[in-house]
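1. Okay, predicted coordinates and the sequence, questions at the end:
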Amino acid sequence: MNIALLIPIFALSIPIVAILAGTLGKPWFALKERQMELEAKMVAEKAAQYAAHNEKLEQRVRVLERIVTDKGIAVADEIDRLRDDRVN
């Protein structure tokens, strides 16, 4: 095949490929953008759940600290006794 014949074919194919990429590329990029937005939303929701769980744990630790420091060892012994009763 003659190279002189390939040059116009390549020259005409470049704009055709560019037009197709422009028309087909926009929906693809819009889809990818939407997927990224949904993923970011899911990650934000998961982070909020972890933060809420962490807050609950911190509150429980504060209560336990108060029990140990405010009411002394007798209350801690009572908690242990109640825990043992619940296991049996």
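-> Ah, there it is. Residues are numbered from 1 along each chain as shown.
2. in the protein, which helix or strand is least confident?
-> When the helices and strands of the chain are scored by mean pLDDT, DSSP states H and E, helix 73-87 comes last with a mean of 75.
3. residues making contact with it?
-> Outside helix 73-87, the residues that touch it by C-beta atoms under 8 Å, 6 or more residues apart in numbering are 67-68. Any C-beta I mention is one placed from the backbone N, CA and C, and that applies to glycine too.
4. again, only using 10 Å
-> Contact partners of helix 73-87, identified using C-beta atoms under 10 Å, 6 or more residues apart in numbering, comprise 64, 66-68, 71.
5. Where does pLDDT dip in the chain?
-> Residues of the chain meeting the criterion pLDDT under 70: 1, 70-73, 86-88.
6. Show which residue of it lies farthest from the average position.
-> In the chain, the residue that sits farthest from the middle, by C-alpha atoms, centre = their mean, is Asn2; the gap is 56.4 Å.
7. gap between that residue and Val75?
-> Distance, Asn2 to Val75, using C-beta to C-beta, to the nearest Å: 98 Å.
8. Quick check: which helices or strands does the longest helix seen in the chain pack against?
-> The longest helix of the chain (DSSP state H) is helix 3-70. Where contact means 3 or more C-beta pairs under 10 Å, 6 or more residues apart in numbering; DSSP states H and E, helix 3-70 is packed against helix 73-87.
9. The helix it packs on to helix 3-70, inter-axis angle?
-> For helix 73-87 against helix 3-70, the angle by axes from the mean of the first three to the mean of the last three C-alpha atoms, to 10 degrees is 120 degrees.
10. List the contacts of Gln49.
-> Counting by C-beta under 10 Å, 6+ apart, Gln49 makes contact with nothing.
11. any idea how far it is from Val63?
-> Distance from Gln49 to Val63, by C-beta to C-beta: 22 Å.
12. and what of Ala40?
-> For Ala40, the distance to Val63 - C-beta to C-beta - is 35 Å.
13. same deal with Thr23?
-> 62 Å.
14. Likewise for Leu31?
-> Distance from Leu31 to Val63, counting by C-beta to C-beta: 49 Å.
15. ditto for Lys41
-> Here the criterion is C-beta to C-beta. By it, Lys41 lies 34 Å from Val63.
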